[in-house]
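Visitor: Sequence and computational prediction follow.
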Amino acid sequence: MMMDLVGRYREMKKRGEKVTALTAYDYPTARLLDESGIDVILVGDSLGMVVLGYEDTTLVTLEEMLHHTRAVARGVKSALVVGDMPIHTFETPEQAVATAKQFIDAGAQAVKLEGGVSHAAHIEAITDAGIPHMAHIGMLPQHVREQGGYKVKGKTQSEAEALIADAKAVEKAGAFSVVLEIVVPEIAKQITNAIGIPTIGIGSGEQCDGQILVTHDLIGLFPWFTPKFVSPEARVADEIRKAARAFIERTRASGLSKRSGG
């Protein structure tokens, strides 16, 4: 599967076929996305923020990620399910492989970890083990605390050069694609042109080979915070509130009706 996947995604890039990716953390969402024809479903560690209510992704555990990966896998027939390896679960190449295998056992078909040049050996170990890998460079949410927030990457020449080096390193290590998170669009374009695997952007402009979003952001299910680069396609939170209020009013009205009729 590993070589087939790498080859397939390289061919998609050559054909100019955009890769579409969204997150899911449960069975119904995964099934709906799969039925919609999405290419990739990422069980992201964003789970911690939009589902579990953590401050950031650094608090998500491997056990939580595996639990939700199993749920997602049960709802998918066609899309590629990618498991997001949480912080502190890939400290060494050996640990990275062990963690990746747990995601595969949970139903994922590929894994993702954050890091470029610094984690090339980890990625190579994973791909050598026959497990497809989606890379992730640019803004790294697992390092948000040490980086002082969610900041755009690639603003300086040194940052841009480092990002291009990261992209080339993960490609050489065997990744079948690479997520570019909050990268200056012009630099994202340069990266896209510099490598043979697809770049999948999030907040990095339209010149990437594909796009990924957190589904909760796309459908307006997490109204307390929406990234600046997201234009929600729906307002699901509003619909939930509307339905709940209608239920509350109907139930209370029913009680009043019974009392007045008694």
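Guide: Thanks, I have the structure now.
Visitor: The closest residue to His119 other than its chain neighbours in helix, strand or coil?
Guide: Leaving aside its chain neighbours, His119 sits nearest to Leu113 (6.3 Å; criterion: Cβ to Cβ, 6 or more residues apart in numbering). C-beta here means a position set from N, CA and C on the backbone, and glycine is covered the same way. Classification of Leu113 by DSSP: H, G, I helix; E, B strand; the rest coil places it in strand.
Visitor: Bridge partners for Leu113, pull those for me.
Guide: Ala135 (DSSP bridges).
Visitor: residues touching Thr69, list them.
Guide: Going by Cβ atoms under 8 Å, 6 or more residues apart in numbering, Thr69 touches Val43, Val81, Gly83, Phe103, Ala106, Gly107, Ala108.
Visitor: Tell me the first helix or strand C-terminal of the helix or strand encompassing it.
Guide: Using DSSP states H and E, Thr69 sits in helix 62-74. Remark: after helix 62-74, the chain's next helix or strand is strand 80-84, criterion DSSP H and E.
Visitor: Paired strands for that following strand, with orientation please.
Guide: strand 40-43 (parallel), strand 110-114 (parallel).
Visitor: Gln190 is nearest to which of those strands?
Guide: Ranking these by proximity to Gln190 (Cβ to Cβ) places strand 110-114 first, at 20.7 Å.
Visitor: any idea how far that closest one is from the chain center?
Guide: Distance of strand 110-114 from its chain centroid, counting by Cα atoms, centre = their mean, to the nearest Å, is 9 Å.
Visitor: Turn the strands paired with strand 80-84 into TSV, columns for mean pLDDT.
Guide: Formatted as TSV, those follow (pLDDT from 0 to 100):
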stretch	mean pLDDT
strand 40-43	99
strand 110-114	98
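Visitor: quick one: contacts of the helix or strand bottoming out on mean pLDDT in the chain?
Guide: Least confident helix or strand, the chain: helix 144-147 with a mean of 82, by mean pLDDT, DSSP states H and E. For helix 144-147, contacts defined as Cβ under 8 Å, 6+ apart pick out Asp56, Thr57, Thr58, Met139, Leu140, Tyr150.
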